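**Student:** Got a predicted model here, sequence first, then my questions.
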Amino acid sequence: SAVISQKPSRDICQRGTSLTIQCQVDSQVTMMFWYRQQPGQSLTLIATANQGSEATYESGFVIDKFPISRPNLTFSTLTVSNMSPEDSSIYLCSVDFGGRAREQFFGPGTRLTVL
Amino acid sequence: DQQVKQNSPSLSVQEGRISILNCDYTNSMFDYFLWYKKYPAEGPTFLISISSIKDKNEDGRFTVFLNKSAKHLSLHIVPSQPGDSAVYFCAASALYTGANSKLTFGKGITLSVRP
């Protein structure tokens, strides 16, 4: 497993602004992912953060709304752009060490409220 | 279209008894299944997994059963303890050439273990 931290842990933002969430891992990992959990819903994959190249987005998510960076094997950021109240969610990063095991390990999450 | 379904939103059991959490899936390409536990204000914690080549995997008090023909899996917790009270997510992944190991989650079941 790994120690995964996220900043900020929570934030309250105004409509139309943007927030960047950071994810830091204490060891190099193969894969990093960003998920969203809307109130009362399951975790939904937003995108896979690829090191040194553009992120791979899932259906329904676009780069202009959720730009992602991954400059190295231990760090990634997710930006929620031009926020609306519908973006109020918990945002989680996860990591995968690759190999035969396919478990992902999650950070503590960032609780975002958009007013 | 929800590919992983946890149809019961909640379950309440007496301490010391067995907890059985159910999960159904629709995508026959899924070949690896995981259970996560989530406490409030924390990220999901990996519990146990099972590959589709097995029908049972056990780890201490936790056992996962897989019925491929029925596309059904269940998590058994014996004996249940008050500290097991949390939201439990079922997740599945499909490993195919060139794809990452992305996870598809169910909506979760809230387990309450009564002292």
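**Tutor:** Thanks, I have the structure now.

**Student:** So what's the residue count around B:Arg17?
**Tutor:** 13 (other Cβ atoms under 10 Å in any protein chain shown). Quick note: C-beta positions are derived from backbone N, CA and C, even for glycine.

**Student:** Excluding covalently adjacent residues, which one is nearest to it?
**Tutor:** Leaving aside its chain neighbours, B:Arg17 sits nearest to B:Ser80 (5.7 Å; criterion: Cβ to Cβ, 6 or more residues apart in numbering or on different chains).

**Student:** tell me which element that neighbour falls in.
**Tutor:** Assigned by DSSP states H and E, B:Ser80 belongs to neither a helix nor a strand.

**Student:** hang on, it packs against B:Leu11?
**Tutor:** No: using Cβ atoms under 8 Å, B:Ser80 is not in contact with B:Leu11, being 9.8 Å away.

**Student:** Show me whatever sits in contact with both of the two.
**Tutor:** Residues touching both B:Ser80 and B:Leu11 by Cβ atoms under 8 Å, 6 or more residues apart in numbering or on different chains: B:Ser19, B:Leu111.

**Student:** the more surrounded of these two?
**Tutor:** Higher neighbour count among B:Ser80 and B:Leu11: B:Ser80, with 23 against 16, using other Cβ under 10 Å.

**Student:** List the residues that contact the more buried one.
**Tutor:** B:Val13, B:Gln14, B:Glu15, B:Gly16, B:Arg17, B:Ile18, B:Ser19, B:Leu111, B:Val113 are the contacts of B:Ser80 under Cβ under 8 Å, 6+ apart.

**Student:** Strands - which of those residues land there?
**Tutor:** Counting by DSSP state E, the part of the contacts of B:Ser80 found in strands is B:Val13, B:Gln14, B:Ser19, B:Leu111, B:Val113.

**Student:** what's the residue lying closest to the fourth one once chain neighbours are set aside in contact with, if anything?
**Tutor:** Using Cβ to Cβ, 6+ apart and skipping the chain neighbours, the partner closest in space to B:Leu111 is B:Leu11 (5.2 Å). Neighbour list for B:Leu11: B:Ser19, B:Ile20, B:Leu21, B:Ile109, B:Thr110, B:Leu111, B:Ser112 [criterion: Cβ under 8 Å, 6+ apart].
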